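Colleague: Need coordinates for the following:
(one chain, ligands or ions: 1)
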Amino acid sequence: MLPTIAREADAIVMIDQRKLPAEEVYVRCCTAAEVARAIKTMVIRGAPAIGVAAAMGIALGMRNSKATGTQKFAAEFAKACDLMAGTRPTAVNLFWAIDRMKRALAAAVQAGESVEQVKDRLDREAQAIHDEDVASCRAMGAFGAEVVPVDARILTHCNAGALATAGYGTALGVIRGAVEQGKRVVVFADETRPLLQGARLTAWELVKDGIQTTVITDNMAGALMRQGGVNFVVVGADRIARNGDTANKIGTYGVAVLAREHKIPFYVAAPLSTIDLNTPDGSRIPIEERSAKEVTHVGGAQLAPPGALVWNPAFDITPHHLITGIITERGICRPPYIESLARAFEDEKRYHGVHG
Ligand code: MRU
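Modeller: Predicted coordinates:
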């Protein structure tokens, strides 16, 4: 499986997703600040991967701490958390992972652990976040594969693959799961302007896996659907509100509208760490706006004239009524999402009650 992110004794190593597929190079981050910068500049991206990176970054930063007393250590910890929280606003996995690290620290303090023990606990928590993410992707893959047609022509948008997670992927996990179940699968990857995660990353992953992949520009999806080229759509998510409204890469909403028009099932695959029950609906999800240059320039070449205004939201909201089902590690949630998402969290609590 692709090594998206890994911890070494004194560094966190990530494949540089800005350079793929032309170059397969790895970036070594030796401080929490370097990890935060890697998230902000999209060396690593994708909602679950961002959460994992933040947790590992906090653990690394605290491993480097020279603090000898818990109070000073806790103050440095709070700074590291704030640093991570300031990187990207939309993917709720980031804030979920930071909260988990905060709870780990609180438990350590409560237990009266030494600074060395707290460091070990933070390392273990970050690694658990990483490992649980891979397990969640595998579970989503198995659940999601059940609803993939036997002869599938799947459209996906952006990259919700191994690169966007700790491994295996959410939407691409469903595709991989269907292939593992012996289904015949071909994939259409929207190129995903402006940063081309579909053309660069999704196609790279799937071609490596030997899954037939056709790259299309974003404006071709409608024509492809009209001529019967697609019978299933699956995408990832950056944040899912309590009512099922879903923030994902800009362009997802358009794909969902097209899928509805052509009566094609439209699924979202996301772990529970992407579901934000505190956000009532999509209108309350903060949408990151990125630099104009991402739109005006491609590969360093300027396309739009100087002086042209640019709107560059990184994500859009797909309203819940356009979503056929939300595939999670606890099964597939169906409308009404307000009920099925809440139930998935109850199942999760019960599961942890039994399995610890
Ligand atoms: O801006 P990005 O590349 O971080 O956006 C990524 C997406 O929108 C993904 O579809 C989403 O994070 C799901 S990843 C499993």
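
Colleague: Could you find the closest non-adjacent residue to the residue in the stretch 251-356 of the chain positioned nearest to the ligand?
Modeller: Per Cβ to the nearest ligand atom, Ala314 is where the stretch 251-356 of the chain lies closest to the ligand, at 5.1 Å. C-beta: built from backbone N, CA, C; applies to glycine. Closest residue in space to Ala314, ignoring its immediate chain neighbours: Glu288 at 4.4 Å, by Cβ to Cβ, 6 or more residues apart in numbering.

Colleague: which parts of the stretch 151-300 of the chain sit against the ligand?
Modeller: Neighbours of the ligand within the stretch 151-300 of the chain, by Cβ under 6 Å from any ligand atom: Cys158, Ala160, Ala164, Thr165, Thr170, Gln197, Gly236, Ala237, Asp238, Asn248, Lys249.

Colleague: Roughly how far does the closest residue to Ala139 other than its chain neighbours sit from Glu289?
Modeller: Excluding the flanking residues, the one nearest Ala139 by Cβ to Cβ, 6+ apart is Glu329, at 3.9 Å. Going from Glu329 to Glu289 by Cβ to Cβ, to the nearest Å gives 31 Å.

Colleague: These two: who's more crowded?
Modeller: A direct count of neighbours by other Cβ atoms under 10 Å for Glu329 and Glu289 places Glu329 higher, at 26 against 13.

Colleague: quick one, what contacts that one?
Modeller: Ala135, Ser136, Cys137, Ala139, Met140, Phe143, Pro271, Leu272 (Cβ atoms under 8 Å, 6 or more residues apart in numbering).

Colleague: can you count the residues close to the last one?
Modeller: In terms of burial, Leu272 registers 17 neighbours under the definition other Cβ under 10 Å.

Colleague: Would you check that it makes contact with Gly331?
Modeller: No - assessed by Cβ atoms under 8 Å, Leu272 is found out of contact with Gly331, at 10.8 Å.

Colleague: Give me the common contacts of the two.
Modeller: Going by Cβ under 8 Å, 6+ apart, residues that sit against Leu272 and also against Gly331 are Ala344.

Colleague: Hmm, Pro286 and Thr279 touching each other?
Modeller: No - using Cβ under 8 Å as the test, Thr279 is too far from Pro286 to be in contact (9.3 Å).

Colleague: Helices along the stretch 151-300 of the chain, start to end?
Modeller: With DSSP state H, counting those that start in this stretch, the ranges of helices along the stretch 151-300 of the chain come out as 171-180, 197, 203-208, 221-226, 252-261, 293-296.

Colleague: Check this structure and tell me which residue is nearest its centre.
Modeller: Residue closest to the average C-alpha location in the chain (Cα atoms, centre = their mean): Ala47, at 2.5 Å.

Colleague: residue contacts, it?
Modeller: Ala47 makes contacts with Ala91, Val92, Asn93, Leu94, Ala164, Gly236, Ala237, Asp238, Arg239, Ala270, Thr274, as judged by Cβ under 8 Å, 6+ apart.

Colleague: so of these, which ones are in strands?
Modeller: Arg239 (DSSP state E).

Colleague: Nearest to Pro305 among the contacts of Ala47?
Modeller: Asp238 (31.6 Å; Cβ to Cβ).

Colleague: Report the contact partners of that closest one.
Modeller: Contacts of Asp238 by Cβ under 8 Å, 6+ apart are Ala47, Thr90, Ala91, Val92, Asn93, Ala247, Asn248, Lys249, Thr274, Phe315.

Colleague: Make TSV from the residues you listed and add distance to Lys102 to it.
Modeller: Converted to TSV, these look like this (distance: Cβ to Cβ, whole Å):
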residue	distance to Lys102
Ala47	19
Thr90	20
Ala91	18
Val92	15
Asn93	15
Ala247	23
Asn248	27
Lys249	28
Thr274	19
Phe315	25
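
Colleague: picking up where we left off before, distance of the residue nearest to Ala314 relative to Arg37?
Modeller: Look at Glu288 and Arg37: by Cβ to Cβ, they are 16 Å apart.

Colleague: now Lys19
Modeller: 16 Å.

Colleague: ditto for Met56
Modeller: 14 Å.

Colleague: again, but for Val147
Modeller: 39 Å.

Colleague: What of Val268?
Modeller: Counting by Cβ to Cβ - Val268 and Arg37 are separated by 30 Å.

Colleague: Which residue of those two possesses the greater neighbour count?
Modeller: Counted by other Cβ under 10 Å, Val268 and Arg37 do not tie: Val268 has more neighbours, with 29 against 16.

Colleague: Done for today, thanks.
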